[in-house]
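Trainee: would you be able to build a 3D model of this:
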Amino acid sequence: MCVAFIPFPTALLADYLSGTEEHRSTAVAVYSGTLAVSGIFFTILWLYAAGNYRLVESAVDPLLLRAMTRRYVLGMLLYIPAFALAFFSAAASLALNFVLPEPEGPGSSRRTRRRPIRD
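Mentor: Now for the predicted structure:
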């Protein structure tokens, strides 16, 4: 549901970015808050899926899985200060929001390291 909602705060941000400081900070707060909530729900989903290889292939390297989990949790934790920062500096909040998303895993490689399969 969060992904379907993202266009609304994005349009709100586009409309009010050049407005007064009050409108700009509100628009940035809504945008940043939406990203924070999305990050929280994504991380919860990831923790469930990756826990005990519930929904992740068992051949995936456990070190890779832990590194991805750390990255997702750190990203989620950084979205929260980005939201709070919107009330003090809209530009700084937007800058932090734009550097946070990294859709790829550790090392920015789409390859998946696999453990050897033993017979």
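Trainee: going forward, measure contacts and count neighbours with C-alpha atoms only.
Mentor: OK.
Trainee: phi and psi next, for residue 60.
Mentor: The phi and psi values for residue 60, taken as degrees, to the nearest 10, are phi -70, psi 130.
Trainee: what pairs with it across the strands?
Mentor: residue 114 (DSSP bridges).
Trainee: residue 68 versus that one, what's the distance?
Mentor: 11 Å (CA to CA, to the nearest Å).
Trainee: just residue 86 next, same as before
Mentor: Distance, residue 86 to residue 68, by CA to CA: 27 Å.
Trainee: so which of the two has more stuff around it?
Mentor: Neighbour totals were compared for residue 86 and residue 68, and residue 86 leads with 23 against 17 (other CA atoms under 10 Å).
Trainee: let me know the pLDDT of the more buried one.
Mentor: Note on residue 86: pLDDT of 94.
Trainee: how about the one 4 residues further on?
Mentor: On pLDDT, residue 90 comes in at 94.
Trainee: and what of residue 101?
Mentor: Looking at residue 101, its pLDDT stands at 72.
Trainee: avg pLDDT for stretch 22-32?
Mentor: The average of the pLDDT scores along stretch 22-32 is 95.
Trainee: nope, stretch 69-76 is what I was after
Mentor: 92.
Trainee: residues in contact with that stretch?
Mentor: The contact list for stretch 69-76 (CA atoms under 8 Å, 6 or more residues apart in numbering) reads 36, 39-40, 43, 46-47, 100-101, 106.
Trainee: how does it look with 7 Å?
Mentor: 36, 39-40, 43, 100 (CA atoms under 7 Å, 6 or more residues apart in numbering).
Trainee: are any of the residues you listed buried, and if so which?
Mentor: 36, 39-40, 43 (16 or more other CA atoms under 10 Å).
Trainee: closest to residue 29 among these?
Mentor: Nearest to residue 29 out of the buried ones among the contacts of stretch 69-76 is residue 36 (CA to CA; 10.1 Å).
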